[in-house]
Each structure stands twice: as C-alpha cells, then as structure tokens.
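Participant: next one to model:
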Amino acid sequence: MKEIPIYNQSPEALGGIFIAHHSVKDTAELSNKLEAHRDDFFIFFVVTKGHAVIKCDMTDVELNARNLLIVKPFQVHYGQDISADAEGYYIGVAPFLIPNSCLEIFQNLKISEQLNKIDPAQEEELFDTISLLYRFFKGSNPNKNQIINGLFNALVYSFSNIFSKSQHSEIVFKNQSTLIYSNFKKLLLEHSFLESPSYFAKQLNITTSHLNDCVKVSSGKSVTYWLQNTMVIEAQRLLYYTEREVKEIAFALGFQDHAYFSRLFKKITKETPLEFRRKFRG
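Facilitator: Down below sits the predicted model:
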C-alpha cells in the first residue's frame, strides 16, 4: 500500500517563512509535488489571476482570481487543474509563527470555509503587503529576517480577519473520526500538552485506543505526536521571540528537568533548542 508522502518546509524558508510567486509556466517544475501529499506546515494560496482546482481532503476546491485558500498541516491535497493564465502566491509558514488567536480560527475551519473571497475593500492593502513580503524575501537587506517576520505578522492577522468574518453556511458532513480529532485539537488549546493521551480520551468519553485511531485516520499522526508537536511549537515560539535561557523555557513549559526537555526537543526536531535559535535568528 502506497504511503501518502509528508513534505517538510523548503530549505529556502527564512525564519519559518517561504513565499513564491507562481504562474502556469512553473507547473512543469512543480509536477513532482502535485501528487497527493501532506505538508507539516501551513500553506496560504492567494490567486491573483486565472483559475485552479485543488483537491483537499477528498474535496474539490475551486480557486479563482482574488481568492484565498488555507491548507492546514497534514491535510492531504494536490493540484488538479490550472488555467493557462493562472498566477498567484504560495506562502508556506511554520506553525510556531501562527499566533494562538489566529491558529484557533484556522484549525477550526471546515473544508468549505478554507476558501474565501478577498473583500474588494481589503484587496489593495492585502496585495500590497504580500507583494512587499515577496520583494523582501527575494531581495537582500541587513535586517531581512526581521522585516519578513514583521510583514508576515501583519499578513497573518489580515488572513485571520478574512476567515473569522466568513459567512459560509454550507453544512459539511463530518464523520466520527474527523469530529473526535477536531474536538481533541480544541482540548489541546485548553489543557497542558504534558497530560497523557488517556487524559484527553477521558475528557472525550472514549477509550485511548479509539482516540488514537481517530486522530491517526484524520491526520496521519498519533495523539502522542500532536502532544509533542504542541510542546515543540510553544518551545520554538519562546526560543524565537524571547531571550529566555533554555532552562527557563523548560520550566515555563512545565518540565521539571530541563535536560530532559532538551533531549526531547532534539529527538523530535533533530536539533537542540540553541541550534534552533541560531538557525532561525542567526
């Protein structure tokens, strides 16, 4: 049985952010990534011209000019049809860079809500910000990473506003596994990731085995993975945005043993906390 590939972020990403401008002429170069796959990061597609169809979690999503589509980490997706005049921006973002207030909005979106039209009143400002982000990403500047991060922060809140104001009313059928996975992710925002899988299963009134099966079916990953992933994202935020020592960060996250925290962080990310800080902050 063929496994669905999981792609990591491009090595060209800067501080967890990658942006590219694509036209149909680039399709040949991207053909090897157009088969069904998952990504371990967020993707924002902003279509400026033409038409495209992307299948996301078994649903055809039709994109037209001035549309914004979000693809969440580990959703299965691939391109199906791209018009000859299609153009737009691809923005890939490491989850730790998404503020919690925006993350909650994005994670709770149904498939029917992940595509949205850009309000004409916001259009000029939004495209100016995206264009500026792209120009700084491609250019050179002594403070390039800081500028890119600042521009993305402005952009992600604009994206969040667009989705939070969505007036979609289409009812989408959610099977039990998807519903349990969604409820588990909501609980993760409210409770400590240091709790055991059985704790979350108890909160949902199901067995640990059933919870793990549902999460695995819906995301391709186990409950333990998502607990560790949530810990890593918060640790990465503290490493990236603060000057705290690793020991302080470990204690802030609830670890009694900072050495164990560092070992776990390296086991999951393949780099130590300080290596992560140096890589993303220079």
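Participant: all contacts plus neighbour counts: C-alpha atoms, from now on.
Facilitator: OK.
Participant: continuing past the lowest-mean-pLDDT helix or strand in the chain, what's the next helix or strand?
Facilitator: Within the chain, no helix or strand scores below helix 27-30, which has a mean of 49 by mean pLDDT, DSSP states H and E. Toward the C-terminus, helix 27-30 is succeeded by strand 38-39 as the next helix or strand (DSSP states H and E).
Participant: give me the sheet partners of that next one and which way each runs.
Facilitator: Its sheet considered, strand 38-39 pairs with strand 6-7 (parallel) by DSSP bridges.
Participant: dump the residue contacts of the nearest residue to residue 87 once chain neighbours are set aside.
Facilitator: Distance criterion Cα to Cα, 6 or more residues apart in numbering; nearest residue to residue 87, sequence neighbours excluded, is residue 23 at 4.3 Å. Taking Cα atoms under 8 Å, 6 or more residues apart in numbering, we find residue 23 in contact with 85, 86, 87, 88.
Participant: report the secondary structure state of the last one.
Facilitator: In this case it means residue 88. strand (DSSP: H, G, I helix; E, B strand; the rest coil).
Participant: any idea how far residue 183 is from it?
Facilitator: To residue 183, residue 88 is 33 Å away according to Cα to Cα, to the nearest Å.
Participant: so these two - more neighbours on which side?
Facilitator: Taking neighbours as other Cα atoms under 10 Å, residue 88 and residue 183 compare with residue 88 leading, 21 against 15.
Participant: nearest residue to that one in space, please, no chain neighbours.
Facilitator: The nearest residue in space to residue 88 (Cα to Cα, 6+ apart) is residue 47, at 4.2 Å.
Participant: could you look up the SS state of the one you found?
Facilitator: The assignment at residue 47 comes out as strand when based on three-state DSSP.
Participant: need the pLDDT of it.
Facilitator: Per-residue pLDDT puts residue 47 at 91.
Participant: how many neighbours does it have?
Facilitator: 25.
Participant: contacting residues for it?
Facilitator: Neighbour list for residue 47: 63, 64, 65, 66, 67, 68, 86, 87, 88, 89 [criterion: Cα under 8 Å, 6+ apart].
Participant: which residues does the lengthiest helix in the chain contact?
Facilitator: If each helix of the chain is counted by residues according to DSSP state H, the longest one is helix 144-164. The contact list for helix 144-164, computed with Cα under 8 Å, 6+ apart, reads 14-15, 17, 98, 102, 105-106, 113-114, 116, 118-119, 126, 129-130, 132-133, 136-137, 281.
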